[in-house]
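Sharing a sequence plus its predicted fold:
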Amino acid sequence: MRVITGTARGRKLKTLEGMEVRPTTDMVKEAVFSIIQFRVPCASMLDVFAGSGQMGIEALSRGASRVVFVDSSRDSQAVIRENLANTGLSKQARVIADDAVSFLSHATDQYDIIFLDPPYELGYAPKVLPLLDRLLAPGGIVLFEHRLKEELPETVGGLVLKKNYRYGKIAVTTYIHAEDAE
(Lines give C-alpha, C1' and ligand atoms only; values in the text may rest on other atoms or scores of the structure.)
Protein backbone atom coordinates (compact mmCIF):
# COMPACT_ATOMS: atom_id res chain seq x y z
CA MET A 1 0.00 0.00 0.00
CA ARG A 2 1.43 3.35 -1.10
CA VAL A 3 0.51 7.02 -1.31
CA ILE A 4 -0.70 7.59 -4.87
CA THR A 5 0.25 11.22 -5.47
CA GLY A 6 1.20 14.52 -3.88
CA THR A 7 4.01 15.45 -1.51
CA ALA A 8 4.31 11.89 -0.13
CA ARG A 9 3.88 10.18 -3.50
CA GLY A 10 5.21 6.63 -3.59
CA ARG A 11 5.78 6.38 0.16
CA LYS A 12 4.93 2.96 1.46
CA LEU A 13 2.32 2.75 4.21
CA LYS A 14 2.25 0.14 6.92
CA THR A 15 -0.99 -1.74 7.58
CA LEU A 16 -2.13 -4.08 10.29
CA GLU A 17 -2.22 -7.79 9.73
CA GLY A 18 -5.21 -9.97 10.48
CA MET A 19 -8.91 -10.27 9.88
CA GLU A 20 -9.93 -7.23 11.96
CA VAL A 21 -8.55 -4.76 9.43
CA ARG A 22 -9.66 -4.45 5.81
CA PRO A 23 -7.76 -1.64 4.06
CA THR A 24 -9.53 0.25 1.29
CA THR A 25 -8.38 -1.25 -2.01
CA ASP A 26 -6.19 0.80 -4.35
CA MET A 27 -9.00 0.81 -6.93
CA VAL A 28 -11.48 2.29 -4.43
CA LYS A 29 -8.91 4.75 -3.05
CA GLU A 30 -8.14 6.05 -6.54
CA ALA A 31 -11.86 6.30 -7.32
CA VAL A 32 -12.62 8.19 -4.09
CA PHE A 33 -9.89 10.72 -4.80
CA SER A 34 -11.15 11.10 -8.34
CA ILE A 35 -14.57 11.99 -6.89
CA ILE A 36 -13.17 14.58 -4.46
CA GLN A 37 -10.02 15.73 -6.27
CA PHE A 38 -11.07 19.39 -6.49
CA ARG A 39 -12.31 19.47 -2.89
CA VAL A 40 -9.08 18.20 -1.28
CA PRO A 41 -6.70 21.17 -1.50
CA CYS A 42 -6.95 23.19 1.74
CA ALA A 43 -9.82 20.99 3.01
CA SER A 44 -10.30 19.70 6.52
CA MET A 45 -11.03 15.99 6.61
CA LEU A 46 -12.35 13.53 9.15
CA ASP A 47 -11.24 9.91 8.62
CA VAL A 48 -13.44 7.67 10.80
CA PHE A 49 -12.56 3.98 11.33
CA ALA A 50 -9.18 5.14 10.05
CA GLY A 51 -7.32 1.79 10.22
CA SER A 52 -3.87 2.50 8.76
CA GLY A 53 -4.76 6.11 8.01
CA GLN A 54 -4.20 5.68 4.29
CA MET A 55 -7.22 7.75 3.17
CA GLY A 56 -6.42 10.74 5.37
CA ILE A 57 -2.72 10.52 4.55
CA GLU A 58 -3.56 10.52 0.84
CA ALA A 59 -5.65 13.66 1.42
CA LEU A 60 -2.80 15.37 3.29
CA SER A 61 -0.37 14.42 0.54
CA ARG A 62 -2.76 16.03 -1.97
CA GLY A 63 -2.94 19.30 -0.04
CA ALA A 64 -5.62 18.93 2.64
CA SER A 65 -4.99 21.43 5.44
CA ARG A 66 -5.71 19.01 8.27
CA VAL A 67 -7.02 15.51 8.94
CA VAL A 68 -8.46 14.07 12.12
CA PHE A 69 -8.11 10.29 12.30
CA VAL A 70 -10.49 8.37 14.58
CA ASP A 71 -9.99 4.73 15.53
CA SER A 72 -10.65 2.80 18.73
CA SER A 73 -7.83 0.28 18.18
CA ARG A 74 -4.53 1.10 19.88
CA ASP A 75 -2.72 -0.90 17.20
CA SER A 76 -4.38 1.17 14.46
CA GLN A 77 -3.54 4.41 16.26
CA ALA A 78 0.12 3.36 16.45
CA VAL A 79 0.20 2.45 12.74
CA ILE A 80 -1.42 5.77 11.79
CA ARG A 81 1.16 7.70 13.81
CA GLU A 82 3.99 5.67 12.25
CA ASN A 83 2.63 6.27 8.73
CA LEU A 84 2.24 9.98 9.42
CA ALA A 85 5.83 10.18 10.67
CA ASN A 86 7.15 8.22 7.66
CA THR A 87 5.36 10.55 5.24
CA GLY A 88 6.29 13.74 7.09
CA LEU A 89 2.62 14.70 7.51
CA SER A 90 2.25 14.55 11.31
CA LYS A 91 1.96 18.31 11.83
CA GLN A 92 -1.36 18.55 9.95
CA ALA A 93 -2.85 15.49 11.64
CA ARG A 94 -4.51 14.54 14.88
CA VAL A 95 -5.10 10.92 15.92
CA ILE A 96 -8.08 10.39 18.23
CA ALA A 97 -8.37 7.25 20.36
CA ASP A 98 -12.13 6.82 20.55
CA ASP A 99 -15.06 4.75 19.40
CA ALA A 100 -16.63 6.25 16.26
CA VAL A 101 -20.11 6.68 17.72
CA SER A 102 -18.76 8.29 20.88
CA PHE A 103 -16.48 10.67 18.97
CA LEU A 104 -19.15 11.67 16.45
CA SER A 105 -21.67 12.26 19.25
CA HIS A 106 -19.39 14.72 21.03
CA ALA A 107 -17.33 16.32 18.23
CA THR A 108 -17.87 20.03 17.60
CA ASP A 109 -15.59 20.85 14.64
CA GLN A 110 -16.86 20.84 11.08
CA TYR A 111 -15.14 19.12 8.17
CA ASP A 112 -15.19 19.60 4.41
CA ILE A 113 -14.73 15.88 3.78
CA ILE A 114 -15.86 13.04 6.03
CA PHE A 115 -14.73 9.54 5.07
CA LEU A 116 -16.08 6.48 6.88
CA ASP A 117 -15.03 2.88 6.27
CA PRO A 118 -16.58 0.90 9.13
CA PRO A 119 -16.22 -2.85 9.54
CA TYR A 120 -18.69 -4.47 7.18
CA GLU A 121 -21.79 -6.28 8.45
CA LEU A 122 -21.76 -4.68 11.91
CA GLY A 123 -24.59 -2.22 11.34
CA TYR A 124 -22.68 1.03 11.74
CA ALA A 125 -24.56 3.04 9.09
CA PRO A 126 -27.70 3.73 11.18
CA LYS A 127 -25.50 4.54 14.19
CA VAL A 128 -23.12 7.02 12.55
CA LEU A 129 -24.91 8.61 9.59
CA PRO A 130 -27.39 10.58 11.76
CA LEU A 131 -24.44 12.12 13.64
CA LEU A 132 -22.78 13.66 10.57
CA ASP A 133 -25.11 16.49 9.56
CA ARG A 134 -23.80 19.00 12.10
CA LEU A 135 -20.17 17.97 11.52
CA LEU A 136 -20.25 18.45 7.75
CA ALA A 137 -19.23 21.95 6.70
CA PRO A 138 -21.42 23.82 4.20
CA GLY A 139 -20.57 22.54 0.72
CA GLY A 140 -18.91 19.44 2.21
CA ILE A 141 -19.23 15.78 1.30
CA VAL A 142 -19.55 12.50 3.20
CA LEU A 143 -18.11 9.34 1.64
CA PHE A 144 -19.27 6.07 3.21
CA GLU A 145 -17.57 2.86 2.07
CA HIS A 146 -19.66 -0.30 2.45
CA ARG A 147 -20.56 -3.64 0.90
CA LEU A 148 -22.52 -3.28 -2.31
CA LYS A 149 -25.44 -5.28 -0.92
CA GLU A 150 -25.87 -2.89 2.05
CA GLU A 151 -28.62 -0.36 1.32
CA LEU A 152 -28.11 3.12 2.76
CA PRO A 153 -30.93 5.66 3.23
CA GLU A 154 -31.75 8.34 0.64
CA THR A 155 -31.87 10.97 3.39
CA VAL A 156 -30.57 11.09 6.93
CA GLY A 157 -31.06 14.18 9.03
CA GLY A 158 -30.18 17.15 6.85
CA LEU A 159 -28.11 15.04 4.47
CA VAL A 160 -29.22 13.64 1.12
CA LEU A 161 -27.68 10.86 -0.91
CA LYS A 162 -25.82 12.41 -3.82
CA LYS A 163 -24.56 9.32 -5.63
CA ASN A 164 -23.66 5.65 -5.24
CA TYR A 165 -20.43 4.44 -6.79
CA ARG A 166 -19.82 0.71 -7.32
CA TYR A 167 -16.48 -1.07 -7.45
CA GLY A 168 -16.96 -4.84 -7.62
CA LYS A 169 -18.43 -5.90 -4.27
CA ILE A 170 -17.71 -2.51 -2.68
CA ALA A 171 -19.75 0.68 -2.85
CA VAL A 172 -19.06 4.25 -1.85
CA THR A 173 -22.16 6.29 -1.11
CA THR A 174 -21.84 10.07 -1.00
CA TYR A 175 -24.00 12.49 0.98
CA ILE A 176 -24.23 16.28 0.94
CA HIS A 177 -26.38 18.81 2.80
CA ALA A 178 -29.91 19.00 1.38
CA GLU A 179 -29.50 22.72 0.66
CA ASP A 180 -26.36 21.99 -1.40
CA ALA A 181 -28.37 19.60 -3.59
CA GLU A 182 -30.77 22.32 -4.74
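Here it is on my side, so go on.

Give me the most central residue, the protein.
By C-alpha atoms, centre = their mean, the mean C-alpha position of the chain lies nearest to residue 115, the distance being 2.3 Å.

you'd agree that residue is in a strand?
Yes. Membership of residue 115 in a strand is supported by DSSP: H, G, I helix; E, B strand; the rest coil.

got the contact list for residue 89?
With contact set as C-beta atoms under 8 Å, 6 or more residues apart in numbering, residue 89 has these partners: 7, 8, 57, 60, 61. Bear in mind the C-beta positions are built from the backbone N, C-alpha and C, glycine included.

contacting residues around the residue nearest to residue 10 when sequence neighbours are not counted?
Distances taken as C-beta to C-beta, 6 or more residues apart in numbering place residue 2 nearest to residue 10, at 5.9 Å, with adjacent residues excluded. By C-beta under 8 Å, 6+ apart, the contact list for residue 2 reads 10, 11, 12, 13.

for those, which one is nearest residue 181?
Distance to residue 181, by C-beta to C-beta, is smallest for residue 13 among the contacts of residue 2, at 34.3 Å.

which outside residues touch the longest strand along the chain?
Ranked by residue count and defined by DSSP state E, the top strand of the chain is strand 136-147. Residues from elsewhere that reach strand 136-147, judged by C-beta under 8 Å, 6+ apart: 24, 28, 32, 35-36, 39, 44, 110-118, 120-121, 125, 129, 132, 152, 159, 162, 169-177, 180.

Quick check: bridge partners of the residue nearest to the centre of the chain?
residue 47, residue 143 (DSSP bridges).

and the longest strand of the chain, how far out from the chain's middle?
8 Å (C-alpha atoms, centre = their mean, to the nearest Å).

Could you do stretch 73-89 as well?
That offset, for stretch 73-89, works out to 15 Å (C-alpha atoms, centre = their mean).
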